[in-house]
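Student: Dropping the sequence and predicted coords here.
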Amino acid sequence: MLYACGGTRVLIAASIDEGVAGWLRGSGKGWVTAEYAMHPRANPQRQDRDGRKGRIDGRTQEIQRLIGRSLRAAVNLEKLGERTITVDCDVLDADGGTRTASITGGFVALALALDRLRSKGVIGAGVLRGPVAAISAGIVGPSALLDLAYVEDSKADVDLNVVAMGDGGIVEVQGTAEGAPVPRDRWTALVDLAMSSMPSLFASQSEALARAGTSLDKLVR
């Protein structure tokens, strides 16, 4: 599936494999993991493919772990059974917020993969706890902004990523003050701004699933 948020576009696919890593065998639990990559022309200037020289850089590893953690928060791993779902996120156009776009779009791909298992009678309802989505926010000059474009992000005094569930629970907050320390009340206001956008993200996920012929009700209840 193709997910777009602003000028950022991410191609996402979820693959199901029977079995889990050795440390999970016999537990009855499944696993959800993610891989993330930038297309060489996702930015105005071409970049070499990550890993081409033998190792994945630290930024990519950090983003992959964030996406995986976020998606696992939405899944009852015990009800998945000993299966592994890998969500591949390939950024085609990068204009800021690529990791948050990968999480929001990645959940839709994950839900579609789980629905395929459900339709075959392999898993039942309750495999999902609910939807998960993510958004970036930041402070540029005097203004607090959502879903910063690259040109805004490069000038931001504060950069923040928020991952949340459909019930309002927060999965993860990543934030950095790029210069002077920022008062706590401004951090709180920025998290509140990010959370205010979540209902529209969850609605977009539901619409995408409906167009694909499924709904979260089949997987959550």
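Tutor: Sure thing, it's come through. Numbers count the residues shown, from 1 in each chain.

Student: ok, residue 98 touching residue 7?
Tutor: No. Residue 98 is not in contact with residue 7 according to CB atoms under 8 Å; the separation is 10.6 Å. Bear in mind the C-beta positions are built from the backbone N, C-alpha and C, glycine included.

Student: how many other residues sit next to residue 168?
Tutor: Residues near residue 168, counting by other CB atoms under 10 Å, number 10.

Student: Could you do residue 18 as well?
Tutor: Neighbour count of residue 18, defined by other CB under 10 Å: 10.

Student: now residue 66
Tutor: When neighbours are counted by other CB under 10 Å, residue 66 registers 22.

Student: Please report the distance of it from residue 173.
Tutor: 11 Å (CB to CB, to the nearest Å).

Student: Mind listing the shared neighbours of these two?
Tutor: 161, 163 (CB atoms under 8 Å, 6 or more residues apart in numbering).

Student: just the strands in this structure please.
Tutor: 2-5, 8-18, 31-38, 83-93, 132-140, 143-146, 158-165, 170-177 (DSSP state E).

Student: what about residue 6, neighbour count?
Tutor: 16.

Student: and the longest helix seen in the chain, which residues are buried?
Tutor: Longest helix in the chain, counting residues (DSSP state H): helix 98-119. For helix 98-119, burial by neighbour count (16 or more other CB atoms under 10 Å) applies to 98-115, 117-118.

Student: report the angle between the axes of that helix and strand 31-38?
Tutor: Angle, helix 98-119 to strand 31-38, by axes from the mean of the first three to the mean of the last three CA atoms, to 10 degrees: 140 degrees.

Student: Report the inter-axis angle for helix 98-119 versus strand 170-177.
Tutor: Helix 98-119 runs at 170 degrees relative to strand 170-177, counting by the same axes, to 10 degrees.

Student: all numbers from here: first residue = 35
Tutor: Yep, numbering from 35; the last one is helix 132-153 now.

Student: Helix 132-153 versus strand 192-199: what angle between them?
Tutor: 10 degrees.

Student: Convert helix 132-153 to CSV, retaining C-alpha atoms only.
Tutor: The C-alpha coordinates for helix 132-153 follow below in CSV (Å, rounded to 0.1, in the frame of the first residue of the first chain):
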residue,chain,number,x,y,z
THR,A,132,9.0,9.6,7.4
ARG,A,133,9.1,7.5,10.6
THR,A,134,5.7,8.6,11.8
ALA,A,135,4.2,8.1,8.3
SER,A,136,5.7,4.6,8.3
ILE,A,137,3.9,3.8,11.6
THR,A,138,0.5,5.2,10.6
GLY,A,139,0.6,3.5,7.2
GLY,A,140,2.3,0.4,8.6
PHE,A,141,-0.7,-0.2,10.9
VAL,A,142,-3.0,-0.4,7.9
ALA,A,143,-0.7,-2.9,6.1
LEU,A,144,-0.5,-4.9,9.4
ALA,A,145,-4.3,-4.9,9.8
LEU,A,146,-4.7,-6.1,6.3
ALA,A,147,-2.3,-8.9,6.8
LEU,A,148,-4.0,-10.0,10.0
ASP,A,149,-7.4,-9.9,8.3
ARG,A,150,-6.0,-12.3,5.7
LEU,A,151,-5.2,-14.7,8.5
ARG,A,152,-8.6,-14.1,10.1
SER,A,153,-10.5,-14.8,6.8
